[in-house]
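J.: Need coordinates for the below:
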Amino acid sequence: MGKYFTYNGKQVGFVRKAIDDVVLVEEGWVSEVQNHFGKRSHDTLLAIPAQILKDGGFPEVSRAQAWIILLEILNKGVPESLQDAGSDEKIGKGTLLKDMIKAPARVAATVVDKSVSTTVSAGAAVANVGKSVVGKTVDTVEDVADATIDAADAVGDAVFGEDDGTGSN
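T.: Reported below is the predicted structural model:
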């Protein structure tokens, strides 16, 4: 038989289920997880806050300190980001393990998407720079050609005399 809890973490009866969104937890699930930790060790669970604190530059904590930290966090109820009223009241509708398996794939896809986007953006930027350089080069060549023609005209005028536009000097 399952137990119903509000998202605040308080156990409620079957009648309250009709009024509020609740989370169904089978008693066997709790027993299985407790037996797992009893037979093995709680260290895998306790390593989570210990590693977070270590990464944050805090001093090492004891197993009991890590346990109390977890209790403080977990006794606050279910964060809104974890609530799914459509599946929390039903058995076999959850997707936690599927979501955890997909998480690395989502991260990899995001990295690939950003990489492709960056590469495309970089390619466009290089193309734009290339266009700009070509455009400036053409402008420069035209300026040099105009200057060369003007210089040739000046030399011709100096050698042959200035052209008055009538064809005779």
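J.: tell me the strands in this structure, going along the chain?
T.: Counting by DSSP state E, the segments of the chain that form strands are 2-6, 11-12, 22-26.
J.: I'd like these as CSV, with distance to Ala50 appended.
T.: For the C-beta atoms, the positions are set from N, CA and C on the backbone; glycine is no exception. Shown next, in CSV, are these (distance: least, C-beta to C-beta, whole Å):
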stretch, distance to Ala50
strand 2-6, 27
strand 11-12, 30
strand 22-26, 26
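J.: would you turn those strands into CSV with mean pLDDT?
T.: Listed next are those as CSV, based on pLDDT from 0 to 100:
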stretch, mean pLDDT
strand 2-6, 89
strand 11-12, 90
strand 22-26, 90
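J.: just checking, Glu60 touches Gln51?
T.: No: with contact defined as C-beta atoms under 8 Å, Glu60 and Gln51 do not form a contacting pair (10.6 Å).
J.: gap between Val30 and Lys3?
T.: As judged by C-beta to C-beta, to the nearest Å, Val30 and Lys3 stand 8 Å apart.
J.: Quick one: residues contacting Asn75.
T.: Gly9 (C-beta atoms under 8 Å, 6 or more residues apart in numbering).
J.: From Ser81, how far off is it?
T.: In terms of C-beta to C-beta, Asn75 sits 17 Å off from Ser81.
J.: Among the strands of the chain, which comes closest to Ser41?
T.: Closest approach to Ser41 among the strands of the chain is made by strand 22-26 (23.2 Å; C-beta to C-beta).
J.: List the buried residues of the closest one.
T.: For strand 22-26, burial by neighbour count (16 or more other C-beta atoms under 10 Å) applies to 22-24.
J.: still on that earlier bit, between Val30 and Lys3, who's got more neighbours?
T.: Neighbours per residue, other C-beta atoms under 10 Å: of Val30 and Lys3, the larger number sits with Lys3, 16 against 11.
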